[in-house]
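A.B. asks: any chance you could fold what I've pasted below:
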Amino acid sequence: MGHDSHIHDGGSPLAVLDAMPGSPGTSESLLFPEARRYKRLRVVLIKPSKYDDDGYVVRFWRGVLPSNTLNVLHGLTVDVARQRLLGDIEIRVDTFDETT
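C.D. replies: Okay, here's the model as predicted:
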């Protein structure tokens with residue numbers, strides 16, 4: 001099975017090179033050469049509240065099961081930082097849950 005790599009003009013300078021998942025032992029950064037000059041990356045994850053047409057926060061009469069999407073994204077981002085998948089970049093993750 002082939003693996004296509006697509007590079008779009010005007011893309012993010014921190015764009016990651018396509019890599020096959022599970023390729024062990026590569027200590028080389030997955031970033032494009034232009035992106036390697038960056039030393040820090042700040043990731044801000046926000047779970048916004050839902051608002052009605054009048055600007056009030058939508059509240060439910062009965063409780064609903066909370067979504068864990070924010071926690072999963074936070075965990076995945078921290079894991080990328082811990083494994084140093086983007087090379088020598090310091091990754092800071094700030095997580096805000098506006099619904100609580």
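A.B. asks: give me the mean pLDDT for stretch 77-94.
C.D. replies: For stretch 77-94, the mean pLDDT works out to 91.
A.B. asks: flag every buried residue along that stretch.
C.D. replies: Of the residues in stretch 77-94, 77, 80, 81, 85, 86, 89, 91, 93 count as buried by neighbour count, 16 or more other Cβ atoms under 10 Å. Where you see a C-beta, it was placed from the backbone N, CA and C, and this is true even at glycine.
A.B. asks: filter the residues you listed down to just the ones in helices.
C.D. replies: Counted as lying in helices by DSSP state H, out of the buried residues of stretch 77-94, are 77, 80, 81.
A.B. asks: OK, contacts around residue 92?
C.D. replies: When contacts are counted by Cβ atoms under 8 Å, 6 or more residues apart in numbering, residue 92 touches 40, 41, 42, 43.
A.B. asks: from the residues you listed, which two are the most distant?
C.D. replies: The largest separation in the contacts of residue 92, counting by Cβ to Cβ, is between 40 and 43 at 10.6 Å.
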